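Colleague: sequence first, predicted model second:
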There are 2 protein chains.
Amino acid sequence: MSALSDPAEHLALALTQGGMQRMTARVLAALLFTEQDTLTAGEITELLVISSGSVSTALKSLTSVGLIEKVPAPGSRREHFRFREGAWATLMSEQNQLVRVMREAAEQGIAATGEDSVAGRRLGEMRDFYDYLWRELPALIDQWKAHGSKG
Amino acid sequence: MSALSDPAEHLALALTQGGMQRMTARVLAALLFTEQDTLTAGEITELLVISSGSVSTALKSLTSVGLIEKVPAPGSRREHFRFREGAWATLMSEQNQLVRVMREAAEQGIAATGEDSVAGRRLGEMRDFYDYLWRELPALIDQWKAHGSKG
DNA sequence: TCGAGTATTCAGAGATCTCTGAAGACTCGA
DNA sequence: TCGAGTCTTCAGAGATCTCTGAATACTCGA
């Protein structure tokens, strides 16, 4: 048992494009593509042929953003991890933080240039757009959560 | 005339977090914060204190994704550029390509694992989610475009 | 066609990021 | 308390990315 399948590596690559660390993305892909319910750090290390340090870092980061979770492992000293239910919505919400940052950057710019300057008007358009997204995107995600898993 | 203001640099940093090259982001910020209608490559070079090569590359890339545009410059041999109307919606659409990539990666995974395997079910959830976004996000942007600039 | 002004390209220096692997910390049963 | 098994940390090697600046190409009026 070793090496991720091609589709798994491909998925990892896609996650990478979204800004995720490469090894972190591969760890997530491993947890997605395994036929087991959970994987341990040791299993992942072996599967991906990467250092234990990388696995540790990746698991820590994925856990902290809520994409995976530790599973109580009766009768095992090793920690078991699994992909978390509803994680995709979580990932999306994470990325929406960028929308907030953009809106705030616009706000800050307007404060500096004044609402009625040339730049102020450009930044006003920006602020309005990100403000709109900031209000509408959470609603979109909630709607998804509401109707279960079928769109 | 030199150096971007702090709010402008801050905005550039935000763009960077969204995956934009640093110098490209600074060029875009310069075009956003200027009180002039347009800027030339030379002006930007001077303003940001960066090489002409960087400016050229940045302008090329920003133009190609539709965030800025060349403006016909009567009586000037230099090229004039300005931030493009509706550019934010364009930027958002660009980023939505990632949603498509994610959906396709899921699809590919399901094709490999089979719909009814453990992994297949996880990937099914993923596919459904990104499929949902892929259908809904363009609608959201269109709605924004429809009601002008006030949300 | 010429030449001044402007824009583009790209090799390579430098900055940055990522991963490894070994040292050390932690955990838990005995 | 001890020690085997497991996990975490982090300095530094190596890989990657970014920017510069000089050479080159382009453009346009005369």
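Modeller: All right, it came through fine. Numbering: from 1, shown residues only, chains lettered A, B, ... in the order given.

Colleague: list the contacts of the nearest residue to residue A:72 once chain neighbours are set aside.
Modeller: Once flanking residues are discounted, residue A:72 sits nearest to residue A:80: 7.8 Å by CB to CB, 6 or more residues apart in numbering or on different chains. Any C-beta I mention is one placed from the backbone N, CA and C, and that applies to glycine too. By CB atoms under 8 Å, 6 or more residues apart in numbering or on different chains, the residues touching residue A:80 are A:38-40, A:70-73.

Colleague: next up, phi/psi of residue A:80, please.
Modeller: Backbone torsions for residue A:80, taken as degrees, to the nearest 10, come to phi -110, psi 140.

Colleague: report the secondary structure element holding the one residue in chain A that gets nearest to DNA strand D.
Modeller: Closest to DNA strand D within chain A is residue A:53: 2.9 Å, counting by CB to the nearest atom of the strand. Using DSSP states H and E, residue A:53 falls within helix A:52-64.

Colleague: wait, does that helix contact chain B?
Modeller: No: judged by CB under 8 Å from any CB of the partner chain, helix A:52-64 and chain B are separated, with a smallest distance of 14.6 Å.

Colleague: from the contact counts, what lies against that helix?
Modeller: The contact analysis (3 or more CB pairs under 8 Å, 6 or more residues apart in numbering or on different chains; DSSP states H and E) places helix A:52-64 against helix A:22-33, helix A:41-48, strand A:68-71, strand A:80-83.

Colleague: could you dump these to a markdown table with mean pLDDT?
Modeller: Shown next, in a markdown table, are the helices and strands packed on helix A:52-64 (pLDDT from 0 to 100):
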| stretch | mean pLDDT |
| --- | --- |
| helix A:22-33 | 98 |
| helix A:41-48 | 96 |
| strand A:68-71 | 96 |
| strand A:80-83 | 97 |
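
Colleague: now for residue A:14, how many residues are close by?
Modeller: Residues near residue A:14, counting by other CB atoms under 10 Å in any protein chain shown, number 22.

Colleague: which SSE is it in?
Modeller: Residue A:14 is part of helix A:6-17 when elements are defined by DSSP H and E.

Colleague: going by neighbour count, list what's buried in that helix.
Modeller: Within helix A:6-17, the residues that count as buried by 16 or more other CB atoms under 10 Å in any protein chain shown are A:7-12, A:14-15.

Colleague: is DNA strand D contacted by that helix?
Modeller: No: figure legend: helix A:6-17 not in contact with DNA strand D (CB under 7 Å from any atom of the strand); closest approach 9.4 Å.

Colleague: that helix close to chain B?
Modeller: Yes: using CB under 8 Å from any CB, a contact is recorded between helix A:6-17 and chain B, made by A:6-8, A:10-11, A:13-15, A:17.

Colleague: which of those residues sits closest to residue B:128?
Modeller: residue A:11 (15.3 Å; CB to CB).

Colleague: test my guess that residue A:38 contacts residue A:84.
Modeller: No: Residue A:38 lies out of contact with residue A:84 (CB atoms under 8 Å); the separation is 11.3 Å.

Colleague: which one's more surrounded, these two?
Modeller: A count of neighbours by other CB under 10 Å puts residue A:38 above the other of residue A:38 and residue A:84, at 19 against 16.

Colleague: give me the phi and psi for the more buried one.
Modeller: Dihedral angles for residue A:38 - degrees, to the nearest 10 - are phi -140, psi 170.

Colleague: same deal with residue A:91?
Modeller: Backbone torsions of residue A:91, given as degrees, to the nearest 10, read phi -60, psi -40.

Colleague: residue A:50 now?
Modeller: The phi/psi pair for residue A:50 (degrees, to the nearest 10) is phi -130, psi 170.

Colleague: whatever helix or strand residue A:105 lives in and chain B, are they touching?
Modeller: Element membership for residue A:105, per DSSP H and E: helix A:87-113. Yes: using CB under 8 Å from any CB, we find that helix A:87-113 touches chain B at A:88-89, A:92, A:98, A:101-102, A:104-106, A:108-109, A:111-113.

Colleague: what's the next secondary structure element after that helix?
Modeller: From helix A:87-113, the next helix or strand downstream (DSSP H and E) is helix A:118-146.

Colleague: show me the residue at the heart of chain A, geometrically.
Modeller: residue A:91 (3.5 Å; CA atoms, centre = their mean).

Colleague: residues touching that one, list them.
Modeller: Counting by CB under 8 Å, 6+ apart, residue A:91 touches A:65, A:67.
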